[in-house]
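> Got a sequence here, can you model it:
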Amino acid sequence: MSRYVVQAGWSDVPHLTEQDKKELIDSLHPHQRDARTKGIPSLGAGAIYPIQEEDVTCEPFKIPEHYAKIYGLDVGWKKTAAIWGAWDRDSDIIYCYSEHYRGQAEPSIHASAVKARGAWIPGNIDYAGSNQANGERTMSLYENEGLNLFLANKAVGAGLLEVYQRLSSGRIKFFTTLQHTLIEYRIYRRNEKGKIVKENDHLMDALRYLVMGLENASIKPIQVPEINIVIGDSVAGY
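Below is the predicted model of the structure:
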């Protein structure tokens with residue numbers, strides 16, 4: 001049996017008047033509006049960040065050199081995810097501009113993807129290990145690949161609150177090109193018992209690590225060219 005899906009919004013149903021739409025919108029929570037009005041899938045009954053996607057996204061732009069950069073890295077065999085942020089200290093806005101999302105690959109593969117965005121950029125890492133020794137070994141593997149890492153602050157409650165406050169005040173913006181991040185954002189939720197649904201949340205975890213370790217952010221080091229001064233028959237380098 002063949003199947004197909006049709007996505008329809010309120011603009012496709014002419015029986016709704018503008019007054020009807022206004023009354024319906026006013027009765028909805030913000031995180032429900034895109035799903036109800038545009039037919040965009042969302043699991044938002046217990047949304048952790050109940051803020052409309054259009055309010056937390058922006059079009060990509062060239063990151064200024066003076067913005068401090070950092071990434072959050074959530075490591076696991078099934079899925080390893082990272083999200084990069086550029087922090088405008090003047091406005092205190094974090095622009096999330098890049099993501100890595102891949103499963104079942106060796107640390108060297110993930111590390112190569114991370115370094116391609118700038119090996120100098122510091123990262124806050126949470127490793128998946130059955131115990132502390134295994135976790136520390138995992139972190140060492142990534143450090144040996146040349147990554148500049150800090151151990152992530154995993155305080156869940158404080159982290160969720162900090163991210164929510166930034167999102168609700170416009171101090172976190174996602175580039176619209178971050179497809180995996182936005183998919184997770186739409187379905188990041190709690191179950192009927194108030195527990196976080198631990199499925200497809202790797203980038204949301206990485207975002208929390210980024211924000212909670214923002215003090216580790218850094219601007220790109222300035223490369224000072226070597227100057228050679230000829231003194232008689234010798235050359236002095238500075």
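> Tell me how many other residues crowd the closest residue to residue 102 other than its chain neighbours.
Spatial nearest neighbour of residue 102, excluding adjacent residues (Cβ to Cβ, 6 or more residues apart in numbering): residue 80 at 6.0 Å. Placement of C-beta: from N, CA and C, glycine included. Number of residues near residue 80 (other Cβ atoms under 10 Å) recorded here: 25.
> any idea how far residue 80 lies from residue 206?
9 Å (Cβ to Cβ, to the nearest Å).
> next one: residue 104
Taking Cβ to Cβ, one finds residue 104 at 18 Å from residue 206.
> Between the two, tell me which one has more neighbours.
residue 206 (32 against 10).
> Just the CA trace of the helix or strand where the more buried one lies, in PDB.
In this structure, residue 206 sits in helix 202-212 according to DSSP states H and E. Extracted C-alpha coordinates of helix 202-212, given in PDB (Å, rounded to 0.1, in the frame of the first residue of the first chain):
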ATOM      1  CA  HIS A 202      22.800  15.200  21.600                       C
ATOM      2  CA  LEU A 203      23.100  18.600  20.200                       C
ATOM      3  CA  MET A 204      20.900  20.100  22.900                       C
ATOM      4  CA  ASP A 205      23.300  18.600  25.500                       C
ATOM      5  CA  ALA A 206      26.200  20.000  23.600                       C
ATOM      6  CA  LEU A 207      24.600  23.400  23.600                       C
ATOM      7  CA  ARG A 208      24.200  23.200  27.400                       C
ATOM      8  CA  TYR A 209      27.900  22.400  27.700                       C
ATOM      9  CA  LEU A 210      28.900  25.300  25.500                       C
ATOM     10  CA  VAL A 211      26.800  27.800  27.500                       C
ATOM     11  CA  MET A 212      27.900  26.500  30.900                       C
END
